[in-house]
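Chemist: build me a structure from this.
(2 chains)
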Number of protein chains: 2
Amino acid sequence: MKTLIAVSALIASGLISFCAQATDIPKDKAMDIVRNGEQASIMGAPGNFVGNARIDPLFAARAPSAVSAGAVTFQPGARSVWHTHPKGQMLVVTAGTGWVQQAGGEKVVIKPGDVIWTPPGVKHWHGATATTGMTHIAIQEVVDGKNVEWMEPVSEAQYEASR
Amino acid sequence: MKTLIAVSALIASGLISFCAQATDIPKDKAMDIVRNGEQASIMGAPGNFVGNARIDPLFAARAPSAVSAGAVTFQPGARSVWHTHPKGQMLVVTAGTGWVQQAGGEKVVIKPGDVIWTPPGVKHWHGATATTGMTHIAIQEVVDGKNVEWMEPVSEAQYEASR
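Modeler: Alright, predicted model coming up:
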């Protein structure tokens, strides 16, 4: 009975994980699998996106790692507002056709398999084209609890500008 | 003429990039797009993988970011050797069905959309099942120039063990 209580206390304290596999591997040394379907989709907040942008979370940062990632699906016409990332960002396009632009630069078409690096602090936006949806994986690092600084919306004139 | 030489010198020094867009945005502040098809596939080294494992590079770490990523496609029966990552690793399965296992734990089936976290220093392997191919994206951080420590092969007995 004492043993049972002791084991229960260890489970409650999180020192032993029975989630992934029934072993005595301590939680901080256990591989962890989040299954497809376990993370709810999130609609992009209206202050951060224009139009319909759905975020499918992949993973939050797990210490000591600072990396987080998610897949974002933009319906035609949807795009982020202007923004920056403190440690930059990598986008990997997985479907559709989209646009990306940095402040002072031209609007550029992006397609599946393209990988886009935005350096730290560089003001930019990304999204679908006016007529096609687009999905990308976004990978970035957290600095002081933040991985993005949201700014003003992309104007219709900016969004619709010819290349 | 002097101006031309000066500009040429700046281009040669990499301080001005004309690759992504014809603007005067300095290279370290310019978004950079690597197009689908520009990065050659790499066959996984025989010392690091058993069987046919193809690595499609996504991106190397770009300072100040320490994150790198690639997609790995394992033919049936192919798998990594046992290994660890200094700052852990996230896998996102994108196709097929595979297996993953940590030392002291059970072999676990992984499928598309599953996200697998391996903590820093945890000895593990991943690969296809004996009968099915599997592709995952692997995301990890570089520490002191290394993002992986390769170890001994997974034995046939370990690989074929029932769950």
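
Chemist: nearest residue to the middle of chain A?
Modeler: Geometric centre of chain A, nearest residue: A:Gly70, 2.9 Å, by CA atoms, centre = their mean.

Chemist: got the contact list for that residue?
Modeler: Contacts of A:Gly70 were listed using CB atoms under 8 Å, 6 or more residues apart in numbering or on different chains, and they are A:55-58, A:137-138. In short, each C-beta sits where N, CA and C put it, glycine included.

Chemist: which of these come close to chain B?
Modeler: Counting by CB under 8 Å from any CB of the partner chain, A:58, A:137 from these sit close to chain B.

Chemist: what's the closest of the contacts of A:Gly70 to A:His126?
Modeler: A:Ala138 (8.4 Å; CB to CB).

Chemist: which is the next helix or strand following the helix or strand bottoming out on mean pLDDT in chain A?
Modeler: Every helix and strand of chain A was ranked by mean pLDDT, DSSP states H and E. The lowest is helix A:2-13, at a mean of 40. Sequence order places strand A:32-34 as the next helix or strand after helix A:2-13, per DSSP states H and E.

Chemist: list the buried residues in that following strand.
Modeler: A:33-34 (16 or more other CB atoms under 10 Å in any protein chain shown).

Chemist: and it, what does it pack onto?
Modeler: Where contact means 3 or more CB pairs under 8 Å, 6 or more residues apart in numbering or on different chains; DSSP states H and E, strand A:32-34 is packed against strand B:115-118.

Chemist: right, is the following helix or strand past the strand it packs on up against chain A?
Modeler: Sequence order places strand B:124-128 as the next helix or strand after strand B:115-118, per DSSP H and E. Yes: counting by CB under 8 Å from any CB, contacts between strand B:124-128 and chain A involve B:His124.

Chemist: run the chain-centre distance for the next helix or strand after strand B:124-128.
Modeler: Note on strand B:124-128: by DSSP H and E, the next helix or strand toward the C-terminus is strand B:134-141. Taking CA atoms, centre = their mean, to the nearest Å, one finds strand B:134-141 lying 5 Å from the centre of the chain it belongs to.

Chemist: ok, stretch A:52-69 next?
Modeler: Worked out by CA atoms, centre = their mean, stretch A:52-69 lies 5 Å from the chain centre.

Chemist: quick one: average pLDDT of that stretch?
Modeler: Here stretch A:52-69 scores 96 as its mean pLDDT.

Chemist: buried ones in that stretch, by neighbour count?
Modeler: A:53-59, A:61-62, A:65-69.

Chemist: sort out for me which of the residues you listed are in strands.
Modeler: Residues of the buried residues of stretch A:52-69 located in strands (DSSP state E): A:53-59, A:67-69.

Chemist: dump those residues into CSV; add distance to A:His85 as well.
Modeler: Listed next are these as CSV, based on distance: CB to CB, whole Å:
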residue, distance to A:His85
A:Ala53, 17
A:Arg54, 20
A:Ile55, 15
A:Asp56, 19
A:Pro57, 17
A:Leu58, 16
A:Phe59, 17
A:Val67, 12
A:Ser68, 11
A:Ala69, 13
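
Chemist: domain-wise, how is chain A divided?
Modeler: Using automatic domain parsing, the domain parsing of chain A gives A:1-33, A:41-160.

Chemist: out of those, which is the most enclosed?
Modeler: Among the domains of chain A, domain A:41-160 has the highest mean neighbour count (mean count of other CB atoms under 10 Å in any protein chain shown), at a mean of 18.

Chemist: what's the closest of the contacts of A:Gly70 to B:Ala157?
Modeler: Closest to B:Ala157, out of all of the contacts of A:Gly70 and judged by CB to CB, is A:Leu58, at 33.6 Å.

Chemist: ok, that closest one to A:Ala71 distance?
Modeler: Remark: distance between A:Leu58 and A:Ala71 (CB to CB, to the nearest Å) = 6 Å.

Chemist: equivalent analysis for A:Pro120, please.
Modeler: 22 Å.

Chemist: next: A:Gly113.
Modeler: 15 Å.

Chemist: same thing with A:Thr131?
Modeler: 21 Å.

Chemist: A:Ala130 too?
Modeler: Remark: distance between A:Ala130 and A:Ala71 (CB to CB) = 21 Å.

Chemist: with A:Val50 instead?
Modeler: 19 Å.

Chemist: could you do A:Leu91 as well?
Modeler: When distance is defined by CB to CB, A:Leu91 is 10 Å away from A:Ala71.

Chemist: overlap in contacts, the two.
Modeler: Any residue near both A:Leu91 and A:Ala71 by CB under 8 Å, 6+ apart counts here, and that gives A:136-138.

Chemist: show me where pLDDT drops low in chain A?
Modeler: For chain A, the stretches with pLDDT under 70 are A:1-23, A:162-163.
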